[in-house]
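Student: Quick one, what's the 3D model for this:
(one chain, ligands or ions: 1)
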Amino acid sequence: MDYKVYIVERISLEGVSKEEIAQNLCVPPDSALGDFALPCFKFSKTLRRSPVSIAEEIASAFEKDAVISSVTPVNGYVNFKVDRKGLVRETLGRIAKEGDRYGSSDLGKGRTICIDYSSVNIAKPFHIGHLSTTALGGALYRIFNFLGYKAVGINHLGDYGTQFGKLISAYKHWGNKEEVEKGGIHAINDLYVRFNSEATEEMEREAREYFRLIESGDKEANDLFEWFKGLTLAYVGKIYDRLHIKFDSYAGERFYTDKMQPVVEELKEKGLLQESQGAMIVDLEPYGMAPCLILRSDGASLYATRDLAAAIYRKQTYDFEKCLYVVAYQQNLHFRQVFKVLELMGKDWAKDLVHVAYGMVSLEDGAMSTRQGKVVWLEDVLSRCVEKAAKVLEEKNPALENKAEVAEKVGVGAVIFGALYNNKIKDITFSYEKALNFDGETSVYVQYTCARAYSLLAKGGKAELPANYEPNTQEFDLVKALSEFPETVRAAAEKYEPSLVARFCVDTAQKFNKFYFDCKILQAESDEARAFRLCLTEATLTTLKNAFTLLGIGVPEKM
Ligand code: ARG
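Tutor: Model (predicted):
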């Protein structure tokens, strides 16, 4: 049962919507006051009455039942206490029954959500800037699927543009097959970087010609392009595996080559296209935005043109309820323009396009970020974090089996968690030391807590939940935290904010550890208490594992 929903349904307050009530209903930090509390200060403004009198009215009208044991108005708050035994029975029963599906729902049945994320660029570095889009998008993808939606993961590859002409030219002049095969993406990137610093006028001209050849279907140019693309995808594929990332579609910008002309026609027909200094634009001045560039003066399409075609294609193909673009906030204007143009084209679904913007990630360890003026490759950050994780684990537990495997889960997990723990729009500075701190608000802290639970369960054996156990405060606080998981997952989907799940994990792990240190589990005072605590330990482990799976982070059994 969802206690919040249960309570909200039973509150009626004239002039205030259920939604507002739901938004205000909270969990007070100290459960001695109540398990849930409703502050009435916000309603006081709308109703022009004192919060104290509103709280009193709500409390006296509320009908207590077997679920809610007390309702008390205190200084403008209404405090609700639930029947503790009932909540415990219900929550632990449900977790045991649902197992790795605990937290899931069929809320999204028959509803499709497209998620454009990671969207790497062919022949360019897969760098630290792609971390957030990949981690956030991957988490949202799993969260929506877990809630019964059909999530469509789309990697909108950056595989279109004059840079590929440049790359072919550079390869022809300086490259050779063996080196590129061997060096893969790094070799390709080096060629591209070299072109940008050394290319002559002549090579620039040649590059434009190669790009034209790719466009016109020339075999040699396309073979080279496909080769570079294949090498890039093989490379990023390995990183996606490490990060547990999947896509349903790799339809990138190039895919829309033949789908842009109809968009241009439609813009023309609808009187939206204007000429401006030889280029074709959609004027967005009335909306306070710079014009959206559709065709360059040489007739070439732009990033926005392809995004217009892509949005229309996705709507036709997937009939999405929402299409999310998990892209850095630097592209705010781009998406506002694209969404506005679609709206002006009369696409009523333009309102369902959402730019899920996030902040920048930089490394505390600045030395690495500008290594020879080069970008920081995500792979290097992962490797480095895994290396450091191995060291930390070695110090903590030299006898640990499968060290490499555990270090991979801990190190990669720390990088993912670093990108997911804060509200997504915040700029963050990643620090290896902080991310690998066993006592911090970190993934390794949560993983270590899970390993502790695993070990307790291995020692304690299987236990049956006692029917009529009266939980103490630590036990109850932990169960209550676990009971909030389904709601947390839903909120994370609704707000496109996986950090809610990440924070839930840290909060729950902290509550578990409080319970672990304050209550004897294996040497409990009674058989009943021992059985209860083992069941609670197992339920915590199930819930944390489910949460970490949603975030894309592994949980080692031993650490
Ligand atoms: N490839 C782009 C970049 O790295 C991101 C693409 C985002 N998706 C989109 N539909 N525009 O900047």
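Student: who's in contact with stretch 396-411?
Tutor: Contact with stretch 396-411 is made by 242, 382, 385-390, 392-394, 436, 438, 443-444, 447, 553-556, 558-559, as judged by Cβ atoms under 8 Å, 6 or more residues apart in numbering. From N, CA and C alone the C-beta is placed, and that goes for glycine too.
Student: Burial check on the closest residue in space to residue 440 that isn't next to it in sequence, number of neighbours?
Tutor: Distance criterion Cβ to Cβ, 6 or more residues apart in numbering; nearest residue to residue 440, sequence neighbours excluded, is residue 434 at 6.1 Å. Look at residue 434: counted by other Cβ atoms under 10 Å, it has 14 neighbours.
Student: Residue 217 too?
Tutor: With other Cβ under 10 Å as criterion, residue 217 counts 8.
Student: next one: phi and psi at it?
Tutor: phi 90, psi 10 (degrees, to the nearest 10).
Student: One more: residue 115?
Tutor: Taking degrees, to the nearest 10 as the convention, residue 115 sits at phi -130, psi 110.
Student: unless I'm mixing things up, it is touching residue 149, no?
Tutor: No. Applying Cβ atoms under 8 Å, one finds residue 115 not in contact with residue 149, separated by 9.9 Å.
Student: For these two, indicate the residue with more neighbours.
Tutor: Neighbour totals were compared for residue 115 and residue 149, and residue 115 leads with 28 against 24 (other Cβ under 10 Å).
Student: What residues sit buried inside whatever helix or strand the residue nearest to residue 440 lives in?
Tutor: Following DSSP states H and E, one finds residue 434 within helix 432-435. For helix 432-435, the neighbour count (16 or more other Cβ atoms under 10 Å) marks 432, 435 as buried.
Student: list the helices and strands it packs on?
Tutor: Under the contact definition 3 or more Cβ pairs under 8 Å, 6 or more residues apart in numbering; DSSP states H and E, helix 432-435 sits against helix 378-396, helix 403-420.
Student: Flag every buried residue along the first one.
Tutor: By that I understand helix 378-396. Buried-residue list, helix 378-396, by 16+ other Cβ under 10 Å: 378, 379, 381, 382, 384, 385, 386, 388, 389, 390, 392, 393.
Student: Could you report the distance from the residue nearest to residue 440 to residue 555?
Tutor: Taking Cβ to Cβ, to the nearest Å as the measure, residue 434 falls 21 Å from residue 555.
Student: Equivalent analysis for residue 222, please.
Tutor: Applying Cβ to Cβ to residue 222 and residue 555 gives a distance of 45 Å.
Student: Identify the bridge partners of residue 115.
Tutor: Taking DSSP bridges as the rule, residue 115 bridges to residue 153, residue 324.
Student: how far away is it from residue 12?
Tutor: For residue 115, the distance to residue 12 - Cβ to Cβ - is 38 Å.
Student: same thing with residue 211?
Tutor: Residue 211 is 66 Å from residue 12, by Cβ to Cβ.
Student: before we move on, what about residue 214?
Tutor: Residue 214 is 65 Å from residue 12, by Cβ to Cβ.
Student: and what of residue 300?
Tutor: For residue 300, the distance to residue 12 - Cβ to Cβ - is 61 Å.
Student: again with residue 325
Tutor: In terms of Cβ to Cβ, residue 325 sits 40 Å off from residue 12.
Student: who's more crowded, the two?
Tutor: Comparing residue 325 with residue 12 by other Cβ under 10 Å, the one with more neighbours is residue 325, at 26 against 12.
Student: Would you mark the buried spots in stretch 174-191?
Tutor: 175, 180, 184, 185, 187, 188, 189, 190, 191.
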